[in-house]
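1. Predicted structure and sequence below. I'll ask about it afterward.
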Amino acid sequence: MVELYILLIFMIIGAVIALEAKDLLSSVVALGAVGLGLSMTFIILKAPDVAITQLVVETLALIILIRATLKTDLPFSISGRWFFNTIVVVSFVATFLTVAAKCLKDLPVFGSPLMRVSATYIKEGLLQTGATNVVASIILDYRAFDTLCEATVLFTAVVGVMSIVRRTGRKKENQVIEENDEQ
Amino acid sequence: MSSKERQTGMSVIVRTTARLTVGFILLYGIYILSHGHVSPGGGFAGGVIIALSFINLMLAYGKDTALSKLPKAVTSFFENLGALILLSIALLGFTGGYFFLNFIAKGEPFHLFSAGTIPLLNLAISLKVGAGIFAIFVAFVLLKYEPEKNKKE
Amino acid sequence: MAIYLLCLSFFSVGLYGILRKRNIIKIIIGVIIAEYAVNLFFILIAYRIEGRAPIYSPNAEITNMVDALPQAVVLTSIVIGLATTVILIALAMRIFEKYGTFDITKIRDLRG
């Protein structure tokens, strides 16, 4: 389990670098490093489906973030009340960590999950659905409503992005193409 | 290639590498998608990999080449088709009793054609996710992106 | 138990980014980091010592699988996280286009 601690500390350091770097592009690349570390952590924790999806989604989010930040510079400004803001935020985070650390006592010990629900899925999944991948049998057979609602969320996201990005009211000739953005 | 083509997209090295690898990326996406019920993978990852192959093409060759291979009308058609397949399979479950019933014969485990409706649902999910993500990326690329102050000058 | 605490501190790094940073892109990065931490927490709860991945094998009898239900939930959560991230980035790009800056204090000043 040493490699798990190493990866987690690597991810925390990467997250701090991503938040504190003064160049936007390097902070986005540091975020990519955090995502790759998370994907490796998923593989160590025996979740290959989640690792593949995380890797792919991370790549896509990196491309879109770089597209958003490529032409811009970071207006870096420290004005007023720097000390006060930091004190407030640090005390809030410390309170959160204290309360959450107390709640951790009620969780099962790391390495021995409860598995009340998924014991049934694992025991009877192969007989009832015929799929050898238990995760696929859960998301597409036992809990297919989740997948349907997730498809709805994705569709709503597509519609939202299209309506945010779309321009109306600009009478330029080269922007007539973008009027067709809505489906 | 003519000099007019060379202005869109990236350098020759990037374009050659993209031309050589984009087919393999597409093939890997189809593999991940079709074996989702036997091995790790599934509809989400397969769909996003298929979309990433077209995004790779768009990044290397400029938006015109990729949009001629996969126009936006085709994209929205595929997304609606994915949603329709998902819903119709879910509704066909009512023939045996309830929503999302696995009504096709289960087949033999560890084979490609097994597990009833799960491969079909994987296909529907991958169509929907891949087409949706490609549409989002096209929308971001088409957005002329500069501050308004510079535009007025 | 220490690993849960590390995961929580990973989450609080994202929380610090959301609360403290002024740049919109930095705030979005904080949201993404917090989302990563929550996904990681689910998978950590599902882990079993010396467990196997939840996939059957034709030759071997596998008895000690890890918990498969949180993995399925996280698989859905990752895609939803991508959707929310994309909407946030679209809003940030429109704000940059309107005001010419990512700094939220300047945006408040320009609002007038």
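-> Nice, I can see it. Every value quoted in this text rests on a predicted model; they were computed, and no experiment measured them.

2. Mind giving me the packing neighbours of the host helix or strand of residue C:97?
-> Assigned by DSSP states H and E, residue C:97 belongs to helix C:69-99. With contacts defined as 3 or more C-beta pairs under 8 Å, 6 or more residues apart in numbering or on different chains; DSSP states H and E, helix C:69-99 has these neighbours: helix A:48-69, helix A:134-137, helix A:144-165, helix B:43-61, helix B:118-142, helix C:24-46, helix C:104-111. Where C-beta positions appear, they are placed from N, C-alpha and C, glycine not excepted.

3. which residues does residue A:41 contact?
-> A:4, A:7, A:8, A:11, C:40, C:43 (C-beta atoms under 8 Å, 6 or more residues apart in numbering or on different chains).

4. can you list those in a markdown table and add neighbour count?
-> Converted to a markdown table, these look like this (neighbours: other C-beta atoms under 10 Å in any protein chain shown):
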| residue | neighbour count |
| --- | --- |
| A:4 | 17 |
| A:7 | 18 |
| A:8 | 22 |
| A:11 | 26 |
| C:40 | 26 |
| C:43 | 25 |
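
5. So which of the residues you listed is the closest to chain B?
-> residue C:43 (14.1 Å; C-beta to the nearest C-beta).

6. Check the gap between the residue located most distally from the centre of chain C and residue A:48 for me.
-> Taking C-alpha atoms, centre = their mean, the residue of chain C most remote from its mean C-alpha position is residue C:59, at 37.0 Å. Distance of residue C:59 to residue A:48, given as C-beta to C-beta, to the nearest Å: 18 Å.

7. now residue A:99: how far from residue C:9?
-> On the measure of C-beta to C-beta, residue A:99 and residue C:9 end up 14 Å apart.

8. now the helix or strand bottoming out on mean pLDDT in chain A against helix B:118-142, angle please.
-> One helix or strand of chain A scores below all others by mean pLDDT, DSSP states H and E: helix A:118-129, with a mean of 78. Going by axes from the mean of the first three to the mean of the last three C-alpha atoms, to 10 degrees, helix A:118-129 is angled at 110 degrees with respect to helix B:118-142.

9. Does helix A:118-129 reach chain C?
-> Yes. Under the criterion of C-beta under 8 Å from any C-beta of the partner chain, helix A:118-129 makes contact with chain C via A:118, A:121, A:122, A:126.

10. Point out the residues in chain C that sit beside chain B.
-> C:53, C:55-56, C:58, C:75, C:78-79, C:82, C:86, C:89-90, C:93, C:96-101.

11. was I right about residue B:128 contacting residue B:77?
-> No. Contact between residue B:128 and residue B:77 fails when scored by C-beta atoms under 8 Å: they sit 11.7 Å apart.

12. Counting neighbours, what do you get for the nearest residue to residue A:24 once chain neighbours are set aside?
-> Excluding its sequence neighbours, the residue lying closest to residue A:24 (C-beta to C-beta, 6 or more residues apart in numbering or on different chains) is residue A:69, at 4.4 Å. By other C-beta atoms under 10 Å in any protein chain shown, the residues close to residue A:69 number 23.

13. Relative to residue C:93, how far out is residue A:69?
-> In terms of C-beta to C-beta, residue A:69 sits 10 Å off from residue C:93.

14. same thing with residue C:49?
-> 46 Å.

15. Of these two, which one has the most company?
-> residue C:93 (22 against 11).

16. Report pLDDT for the residue nearest the centre of chain B.
-> Using C-alpha atoms, centre = their mean, the residue of chain B that lies closest to the mean C-alpha position is residue B:130, 2.8 Å off. pLDDT, residue B:130: 86.

17. OK, contacts around it?
-> B:29, B:46, B:47, B:48, B:50, B:51, B:78.

18. And residue B:25, how far from chain A?
-> Residue B:25 is 11 Å from chain A, where distance means C-beta to the nearest C-beta, to the nearest Å.

19. Now for that residue, how many residues are close by?
-> The burial count for residue B:25: 18, using other C-beta under 10 Å.

20. Please apply the same query to residue A:37.
-> 22.

21. That one and residue A:137: what is the separation?
-> 29 Å.

22. same thing with residue C:58?
-> Taking C-beta to C-beta, one finds residue C:58 at 16 Å from residue A:137.

23. Which of those two has more residues huddled nearby?
-> A count of neighbours by other C-beta under 10 Å puts residue A:137 above the other of residue C:58 and residue A:137, at 28 against 9.

24. I'd say the more buried one and residue A:121 touch.
-> Yes. Contact status for residue A:137 versus residue A:121: in contact at 7.1 Å, counting by C-beta under 8 Å.

25. Quick check on the residue in chain C positioned nearest to chain B: phi, psi?
-> Closest approach between chain C and chain B, counting by C-beta to the nearest C-beta: residue C:100, at 3.4 Å. When read as degrees, to the nearest 10, the backbone of residue C:100 gives phi 80, psi 10.
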